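Visitor: Take this sequence and fold it.
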Amino acid sequence: MNENELIAIWNQQRAIRVKSQLAPTVLLSAVLALAATGNLTKNSDSTLKLFVIGLVASGGVFSVSAMVAAIRDSLAVIDALKGIKSISPLGKSIKKSSDQLKVLGGLFMVMSAFNFVVLLRYLSI
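Guide: Numbers count the residues shown, from 1 in each chain. Now for the predicted structure:
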């Protein structure tokens with residue numbers, strides 16, 4: 001593959017990383033709004049609480065899966081770019097983002113787990 005093809009793949013993976021966060025962000029915003037208005041508390045119906053927890057958990061699993069896959073594919077693009085001798089400044093910039101992507105993936109998993117634990121504690125099931 002040449003540099004232009006690899007950069008196109010990089011851009012696709014970057015778009016996937018961004019899009020994979022849209023649904024979970026809306027979902028968490030809705031849960032936060034319910035909690036903030038008092039419509040979702042530890043005194044709420046247990047079926048509703050289990051539904052919300054399941055919804056947040058499944059959304060989180062799919063979101064984390066998409067993010068991890070996009071990061072893995074992006075790291076593969078970086079490895080392929082390293083094999084090209086003469087690359088543009090954009091290609092060089094992409095090559096330098098490997099460590100940042102790894103940190104992003106780790107932080108994303110930690111923060112997803114944190115959000116889930118906080119929700120569980122808030123609802124005190």
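Visitor: contacts and neighbour counts: CA atoms only from here.
Guide: OK.
Visitor: Can you give me the distance of the residue most central in space within the chain to Asp79?
Guide: What sits nearest the mean C-alpha location of the chain, by CA atoms, centre = their mean, is Met67, with 4.3 Å. Using CA to CA, to the nearest Å, we find Met67 at a distance of 18 Å from Asp79.
Visitor: Secondary structure element holding the closest residue to the residue nearest to the centre of the chain other than its chain neighbours?
Guide: Closest residue to Met67 apart from its sequence neighbours, by CA to CA, 6 or more residues apart in numbering: Arg17 at 5.4 Å. If you go by DSSP states H and E, Arg17 is part of helix 3-19.
Visitor: circling back: ok, the residue nearest to Met67 to Ser63 distance?
Guide: Computed as CA to CA, the Arg17 to Ser63 distance reads 9 Å.
Visitor: Looking at these two, which one has more neighbours?
Guide: Neighbour comparison, Arg17 and Ser63: the larger count goes to Ser63, with 23 against 20 (by other CA atoms under 10 Å).
Visitor: Could you give me the buried positions within stretch 66-80?
Guide: Applying a neighbour-count criterion of 16 or more other CA atoms under 10 Å, one finds 66-78 buried in stretch 66-80.
Visitor: Which ones among those map onto strands?
Guide: Using DSSP state E, no member of the buried residues of stretch 66-80 falls in strands.
Visitor: Distance to Ser88 and pLDDT for those residues - can I get that in TSV?
Guide: As requested, these are arranged in TSV below (distance: CA to CA, whole Å; pLDDT from 0 to 100):
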residue	distance to Ser88	pLDDT
Ala66	29	87
Met67	27	87
Val68	27	89
Ala69	26	89
Ala70	23	88
Ile71	22	91
Arg72	23	92
Asp73	20	92
Ser74	17	92
Leu75	18	94
Ala76	18	94
Val77	15	94
Ile78	13	94
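Visitor: so which pair among those is furthest apart in space?
Guide: For the buried residues of stretch 66-80, the maximum inter-member distance is 18.3 Å, found between Ala66 and Ile78 (CA to CA).
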